[in-house]
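J.: My questions concern the predicted model and sequence given below.
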Amino acid sequence: MSRRWILPVCVVLAVTGCGGSKDDGVTATLFIETTPVEGAVVMVDNVLVGESPCTVDGLSPGPVLVEVQKERFENKWETVRIPDEGGEVRIQIEMEPQVGYLTIKSTPSGARVTLDGAIEIGETPLVGKAVPVGEHTYEVEKENYEKAVGVLDVQPDYRYKRVEELKPKLASLEVYTVPTGAQIWINNQLQRERTAARFDLPQGTYVISVFVKGYVTGERVVTLGPNEKSNLEFALEEGDAPAGMVLVPAAEFIMGVDDESPDERPKRTLWLDAFYIDKYEVTNEQFKAVFPSHTFKEGRETYPAGGISWNQAVAYAAAVGKRLPTETEWERAARGVDGREYPWGAKFQGSLCNIATTSNPQPCKVGQFRAGASPAGCFDMAGNIYEWTSSWYEAYPGNVVIEKDYGQVFRVLRGGSYKAGAFDARCARRHYARMDATREDYGFRCAADVAGSSKPGRP
């Protein structure tokens, strides 16, 4: 067991050991060194003799006890046998630093840990690493992440635990277009800069959209890692697609189903002329720009505008030079031409949409579910909010089932919502309400005509 004590430095004393006779005249000299440090206080048989390295003369044959002590090092002692013939004896005592124990975990793991800017002590997770007592700084560093720095005041035998969340270094994205001067949207948020432009962005997946009047909107999805440098180049095609909208080409497509709700029958193939439709649901900030009285929670500027009646949706669309889609157009944009069940395919996948899967369902930012986009390139056509269409809730041609709610009383909404389940998120699912209904999960997206097309929604 070690003992810790601090004594004042004093002059070297001659010590007579207890293991021999003073009368025979035989004595020895003891040389005492300490490593890897010097300056340790030395006692021989409980008598202070100085600091290491030191020499003790006049020792009689027999055992003597040598003890050494230095601040921040463990006390050490050693019994030395002075030979009967006297002479010189040399000893070297290994000093062991007092330590505490450090555990560091990081996210991500595999980060290099350095002590006092110079000593590399391992990688995370670092568990129970001995650290000398005293004040130290540590650094946790991983390629492409910002360095984390901490301070420790280590006490003997104490155990310290640290958890460091390493911040990824920003990625660099440069966006170029031909022609130049295009507006840029990043995840549906308009940027101040125009092309050519450079952005420093956190790691993640982004939808980059660019638009110049007289050209079709260009759009790419890019995934950026920490500290990654990436370039996007767009050669825009001439056309008149409005900003923020996609062109849904003229085509035959499958509408309705035969084996679900009666009002979804019959399944049939229709021809539909080309039209434009918004890629995203109309957001709070977009709606407020037209109707300043619109209110919403702070931080939800890019959430879908909810609590919107059919009449309000029609008024907004007219104010921005657009209209509501027919439910035929809506289903074509959501479903593509192959009759799929959901915008992404045949099987439901909860990770691709925002529906009621928790005890406290909430709306989310538009366009958050990138992999759930429809074949036309529209986002959130399953879940998030119900979307008004311009169509009356009426029986499809060929449907002979009588429903009391059919007629020109209710308007159709599509797409399910964050309050509804997977069944209501199907592309063919019909929901309906009065035109003055303002349920909090009622919103919309807009459509627009393509020059030369027939009347919207023509079968």
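T.: Done, it's in.
J.: Which phi and psi values does the closest residue to Arg159 other than its chain neighbours adopt?
T.: The shortest distance from Arg159 to any non-neighbouring residue, by C-beta to C-beta, 6 or more residues apart in numbering, is to Tyr101 (4.6 Å). Glycine gets a C-beta too; all of them are placed from N, C-alpha and C. Note on Tyr101: backbone dihedrals following degrees, to the nearest 10 are phi -130, psi 130.
J.: Not counting its neighbours along the chain, what's nearest Arg220?
T.: That would be Ile208: by C-beta to C-beta, 6+ apart, it lies 5.2 Å from Arg220.
J.: wait, that neighbour sits on Thr217?
T.: No: with contact defined as C-beta atoms under 8 Å, Ile208 does not count as touching Thr217 (10.8 Å).
J.: Looking at these two, which one has more neighbours?
T.: Ranked by neighbour count (other C-beta atoms under 10 Å), Ile208 and Thr217 place Thr217 first, with 24 against 19.
J.: about what we covered before: for the residue nearest to Arg220, list the residues it contacts.
T.: Shown in contact with Ile208 (C-beta atoms under 8 Å, 6 or more residues apart in numbering): Leu173, Val175, Ile184, Trp185, Ile186, Glu219, Arg220, Val221, Val222, Leu232.
J.: Could you export whatever helix or strand it lives in as PDB, CA atoms only?
T.: Taking DSSP states H and E as the definition, Ile208 sits inside strand 204-211. Only the C-alpha atoms of strand 204-211 are listed here, as PDB (Å, rounded to 0.1, in the frame of the first residue of the first chain):
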ATOM      1  CA  GLY A 204     -27.800  15.300 -46.200                       C
ATOM      2  CA  THR A 205     -30.000  14.800 -49.200                       C
ATOM      3  CA  TYR A 206     -31.200  17.800 -51.200                       C
ATOM      4  CA  VAL A 207     -33.500  18.500 -54.100                       C
ATOM      5  CA  ILE A 208     -32.000  21.300 -56.200                       C
ATOM      6  CA  SER A 209     -34.400  23.100 -58.600                       C
ATOM      7  CA  VAL A 210     -33.400  25.800 -61.000                       C
ATOM      8  CA  PHE A 211     -35.700  28.000 -63.200                       C
END
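J.: so after it, what's the next helix or strand?
T.: Beyond strand 204-211 on the C-terminal side, the first helix or strand identified by DSSP H and E is strand 218-224.
J.: how many other residues sit next to Glu146?
T.: Neighbours around Glu146, by other C-beta under 10 Å: 15.
J.: show me what contacts it?
T.: By C-beta under 8 Å, 6+ apart, the contact set of Glu146 is Leu166, Lys167, Pro168, Lys169.
J.: Can you pull the domain assignment for this protein?
T.: Annotated domains of the chain cover 1-96, 99-165, 171-235, 245-449 [automatic domain parsing].
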